[in-house]
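# predicted model, plus sequence, below.
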Protein chains: 2
Amino acid sequence: MDGKESCIVRHFSYYYELSEHDKSLLLALEQSPMAVETGTTLWEEGDEAKEFCTFKKGWAYSYRFLENGSRQLIELYLPGDIIGLREFAFSQRLAGVKMVEDGEVCFFPHQHLLDLFRRSFVLTSILFAIASRQQVLITERLVNLARRNARQKLAHFLLEISQRLSQTQTGSLSDSFHLPLSQELFADLLGLSPVHVSRTFSALHEAGLVHRERHHVTLHDLQALKREADFDERYLIDNMRPLFSGLPRISDKAS
Amino acid sequence: MDGKESCIVRHFSYYYELSEHDKSLLLALEQSPMAVETGTTLWEEGDEAKEFCTFKKGWAYSYRFLENGSRQLIELYLPGDIIGLREFAFSQRLAGVKMVEDGEVCFFPHQHLLDLFRRSFVLTSILFAIASRQQVLITERLVNLARRNARQKLAHFLLEISQRLSQTQTGSLSDSFHLPLSQELFADLLGLSPVHVSRTFSALHEAGLVHRERHHVTLHDLQALKREADFDERYLIDNMRPLFSGLPRISDKAS
DNA sequence: CGTCTGCTTGATTCCCGTCAACACCCGTGG
DNA sequence: CCACGGGTGTTGACGGGAATCAAGCAGACG
């Protein structure tokens, strides 16, 4: 358990203790890390889909263009996430993926996932849990976009990011964090116009709820924000351990 | 391959030929079919989540309530669908599920899915494909809700249902079908008010695109509708066969 | 110091929500 | 046979939240 432990192993370990065998299978997915710069397009809608991608460093997002020229972001990806699961059953990409910041990614072919299914029951189950969690995230985003006003949308999004960052990064809940998104990205993410994003940020600022400068945000009154946004973090706090409770635990774990 | 073949077997077979072994594993999930009436709640948000449910007959939908009392439908389920995959990694239901029409369902515990992972590589892969397809459906709905106006939303939804029905039911594309949804359900599904749903239906009717009476809809000019709604059916037409192309085919298939 | 990109602010417009009245269907019961 | 009532769909008037257009502003960088 050295300091440079892979973040995909860390991500998977969140669900269940991994055996050395499982860890080595996972590490095989991260064999050829690739540096990618801000703005790089990992793939576009319509590209052939035969690879997944694990995300080691940086921020990325998936998006769809509409006929009228507007764009909708689907999902934001943080380190440890797996990208492209959506297209497992498809031959074409259904959404593009772009980097928000410089980062590092590892591509691996769909076939490797099938190998995982064959070789590790635990990893298969965790993969399924990850896919199910992704679906839950998108579902919550759907509700957010369909039913809430601009203030609530923005507040909800900030709370979600705050929660996700504290789960995957520091481990401690931080109400102050780096958020490298332009207001145009906010707009495409929340289904608003850039103009209105600006206005909404100002409104939240005036209400004393949010402070933002440059690409750094701090949330001042978490409770008030949660009330305002109708935010319930349960959808982010998943855990498979109850499900696995019948399984034998691993005993040869490195201390 | 008798006339009463299980619809879950039919659903799975859409992705890949199943061996007799796989079929019997699947059929075990449909052991105790249960009749459920219109309006029955299969479960509610917050209920303990330890079962899935296969859907044999009828229509159902999943939904979320918001603090302000409004409701958002997440997904519509048709026969052959599997319900509850979303909560695989969670201990609580994150959305309720209700029947639109009388139907028949089979519950089975999460553990059975784990058994499937252990026992059948092919079924595992197909399950993963189904989960990925569900994610794609929700994603498209998200884009629909976030970025399109009422006319486009409605048109898009009708096209999606038409396509899904023709894939799972008759097999032939029908532009005239039974659609047992009240305008209130339409509203909760599309993020509109019931009043505006009515207006939008009228508008589409006047434009000669849609005819509707009672719970029956017919689409008149599919091409025009698709143009209007920016509808691209590729997101509904998935197929894993290319992925499996390296696998041996099954030869002992019953003719 | 000028230019470019991204943010802010104001004026106007429009889509859709809300409220309210009304029509309709259908079953009940007098 | 008609009166009644609830649930559902329709139509109109009105208001509000967010889009759009346009101009001004502030950093970043050469």
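Thanks, I have it.
# get me the contact residues on chain A for DNA strand C.
By Cβ under 7 Å from any atom of the strand, the residues of chain A that approach DNA strand C are A:182-184, A:194-195, A:198-199, A:201-202. Bear in mind the C-beta positions are built from the backbone N, C-alpha and C, glycine included.
# ok, residue A:133 touching residue B:89?
Yes. Contact criterion Cβ atoms under 8 Å: residue A:133 and residue B:89 qualify, at 5.3 Å.
# for the two, indicate the residue with more neighbours.
residue B:89 (25 against 19; other Cβ atoms under 10 Å in any protein chain shown).
# so what's the residue nearest to the spatial centre of chain A bridging to?
By Cα atoms, centre = their mean, chain A has its centre lying nearest to residue A:77, at 3.5 Å. The bridge-partner assignment for residue A:77, based on DSSP bridges, gives residue A:60.
# any low-confidence regions in chain A?
Chain A contains residues with pLDDT under 70 at A:1-5, A:169-173, A:239-255.
# domain map for it?
Listed domain ranges for chain A are A:1-148, A:149-229 (source: automatic domain parsing).
# can you give me the end-to-end span of the last one?
Distances were taken as Cα to Cα, to the nearest Å; on that basis the terminal residues of domain A:149-229 are 9 Å apart.
# follow-up on the earlier one: give the contact list for the residue nearest to the centre of chain A.
A:55, A:59-62, A:83, A:97 (Cβ atoms under 8 Å, 6 or more residues apart in numbering or on different chains).
# 7 Å - rerun?
Residue A:77 makes contact with A:55, A:59-61, A:83, according to Cβ atoms under 7 Å, 6 or more residues apart in numbering or on different chains.
# turn the residues you listed into JSON lines, including distance to residue A:224 and neighbour count.
As requested, the contacts of residue A:77 are exported to JSON lines (distance: Cβ to Cβ, whole Å; neighbours: other Cβ atoms under 10 Å in any protein chain shown):
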{"residue": "A:55", "distance to residue A:224": "33", "neighbour count": "25"}
{"residue": "A:59", "distance to residue A:224": "27", "neighbour count": "20"}
{"residue": "A:60", "distance to residue A:224": "31", "neighbour count": "23"}
{"residue": "A:61", "distance to residue A:224": "28", "neighbour count": "20"}
{"residue": "A:83", "distance to residue A:224": "34", "neighbour count": "22"}
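# strands along the stretch 151-255 of chain A, start to end?
Using DSSP state E, counting those that start in this stretch, the strands of the stretch 151-255 of chain A run over A:176-178, A:210-213, A:216-219.
# mind listing residues that contact the shortest one?
Under the contact criterion Cβ under 7 Å, 6+ apart, strand A:176-178 has outside partners A:162, A:165, A:215-218.
# picking up where we left off before, out of the strands of the stretch 151-255 of chain A, deepest packed?
strand A:216-219 (a mean of 17; mean count of other Cβ atoms under 10 Å in any protein chain shown).
# just to revisit the earlier point, what's the most distant pair in the contacts of strand A:176-178?
Farthest-apart pair in the contacts of strand A:176-178 is A:162 and A:215; separation 14.6 Å (Cβ to Cβ).
# more neighbours, the two?
Ranked by neighbour count (other Cβ under 10 Å), residue A:162 and residue A:215 place residue A:162 first, with 23 against 13.
# got a list of what that one touches?
Neighbouring residues of residue A:162 by Cβ under 7 Å, 6+ apart: A:174-175, A:177, A:219.
# all strands of the stretch 1-150 of chain A, in order?
Applying DSSP E, counting those that start in this stretch to the stretch 1-150 of chain A gives strands spanning A:34-36, A:41-43, A:51-57, A:60-65, A:71-77, A:82-83, A:96-99, A:103-109.
# right, so of the strands of the stretch 151-255 of chain A, which gets closest to DNA strand D?
Closest to DNA strand D of the strands of the stretch 151-255 of chain A, according to Cβ to the nearest atom of the strand: strand A:210-213, at 9.3 Å.
# all set, thanks.
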